[in-house]
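**Student:** Turn this into a structure:
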Amino acid sequence: MVRMESIQDQLKHLAEHLLDTGGFELVDVVVKGGGNNRLIQFFIDREGGISVSDCAALTQSFTDLLDREGILEGTYRLEVSSPGLDRPLRTERDFQKNVGREVMVDFLNDGTPNRFTGTVLQTGNRQVQFKTDSGILSIPFASVIKAKIKLKW
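**Tutor:** Here you go, the predicted model:
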């Protein structure tokens, strides 16, 4: 049986190829709605941040690419933006870039969901290490359900 890639997966592959040439990183692709009311959101980042003109240029590049590839049926709205300060941490690189920052983490421990707040200490060997009030905690990346930077107000 041949498994077809989802629209979201197809969009990710197209976007990653386009973004690699400009030094941008694809943080996430979100597809909402359907038919003629579809919203496609690309969240991008790069070292030093992104500007409004980066978003505008990439919006045009994505529109041209999507129209040329023809993977979306009907009309769609397209948004390109930064993921913001409270962006989710999903990859080892995300955690590496946030060493020393306090994060809130939801993870599975023997199949049971848990939550803690801690400071990212280091990553490696498919694990991320945190300093928590209870001590040092190392968890596998595969166990992380959700992680976000804890914003200080």
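
**Student:** Tell me where the longest helix sits in this structure.
**Tutor:** helix 52-69 (DSSP state H).

**Student:** Within the helices and strands, which one has residue 114?
**Tutor:** strand 112-124 (DSSP states H and E).

**Student:** Kindly report the domain assignment for this protein.
**Tutor:** Domain ranges of the chain: 7-81, 92-149, per automatic domain parsing.

**Student:** Using TSV, please lay out those together with mean pLDDT.
**Tutor:** Converted to TSV, the domains of the chain look like this (pLDDT from 0 to 100):
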stretch	mean pLDDT
domain 7-81	88
domain 92-149	93
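
**Student:** quick revisit: which other residues reach the longest helix of the chain?
**Tutor:** Contact with helix 52-69 is made by 11, 14-15, 18-19, 22, 24, 40, 42, 44, 46, 72, 76, 78-82, as judged by C-beta atoms under 8 Å, 6 or more residues apart in numbering. C-beta here means a position set from N, CA and C on the backbone, and glycine is covered the same way.

**Student:** still on that earlier bit, got a markdown table for the domains of the chain, with mean neighbour count too?
**Tutor:** A markdown table is the format used below for the domains of the chain (neighbours: other C-beta atoms under 10 Å):
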| stretch | mean neighbour count |
| --- | --- |
| domain 7-81 | 14 |
| domain 92-149 | 14 |
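
**Student:** What separation do you get for residue 150 and residue 14?
**Tutor:** As judged by C-beta to C-beta, to the nearest Å, residue 150 and residue 14 stand 33 Å apart.

**Student:** Of all residues in the protein, which one is nearest the centre?
**Tutor:** Centroid-nearest residue in the chain: residue 27, 3.1 Å away (criterion: C-alpha atoms, centre = their mean).
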